[in-house]
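Student: Here is my input; please provide its structure:
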Amino acid sequence: MTNILEMAKAFEANAKRDSAAISAIEFALDADEGMVFLRCWIQGDFDVIRKEWPEAPEAVFIGADPFYKPAQ
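Tutor: Residues are numbered from 1 along each chain as shown. Below is the predicted model of the structure:
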């Protein structure tokens, strides 16, 4: 039973990461310096993204940034 729960958690984590990647790509298509944004996202430079692209949607962080905390 434990293996099934671990697999389910891993699947959920992968789904969140995939969703964040899609959101990052969608944002980069219209953003100024979109390729730079994607390079930062791939390298995990989320603090740089928050500083340089404050308009980036939260969805680009959920599941990708291990330190992400939802806005309250």
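Student: if I look at E52, how far off is I22?
Tutor: Noted for E52: a distance of 21 Å to I22, by CB to CB, to the nearest Å. C-beta: built from backbone N, CA, C; applies to glycine.
Student: more neighbours, these two?
Tutor: A count of neighbours by other CB atoms under 10 Å puts E52 above the other of E52 and I22, at 15 against 12.
Student: and D47, how many neighbours?
Tutor: Applying other CB under 10 Å, we find 11 other residues in the vicinity of D47.
Student: A56 too?
Tutor: Residue neighbour count, defined by other CB under 10 Å, stands at 19 for A56.
Student: I'd like to know how far it sits from C40.
Tutor: According to CB to CB, A56 stands 10 Å off from C40.
Student: Overlap in contacts, those two.
Tutor: Contact with both A56 and C40 is made by residues I49, according to CB atoms under 8 Å, 6 or more residues apart in numbering.
Student: buried residues in stretch 27-40?
Tutor: The neighbour-count check on stretch 27-40 (16 or more other CB atoms under 10 Å) flags F27, A28, A31, F37, L38, C40 as buried.
Student: Spit out the contact partners of the residue lying closest to the third one once chain neighbours are set aside.
Tutor: Ranked by CB to CB, 6 or more residues apart in numbering and with sequence neighbours excluded, the top spatial neighbour of A31 is F37, at 5.3 Å. If you count contacts by CB under 8 Å, 6+ apart, F37 has them with A24, F27, A28, A31, I49, E52, W53, A56.
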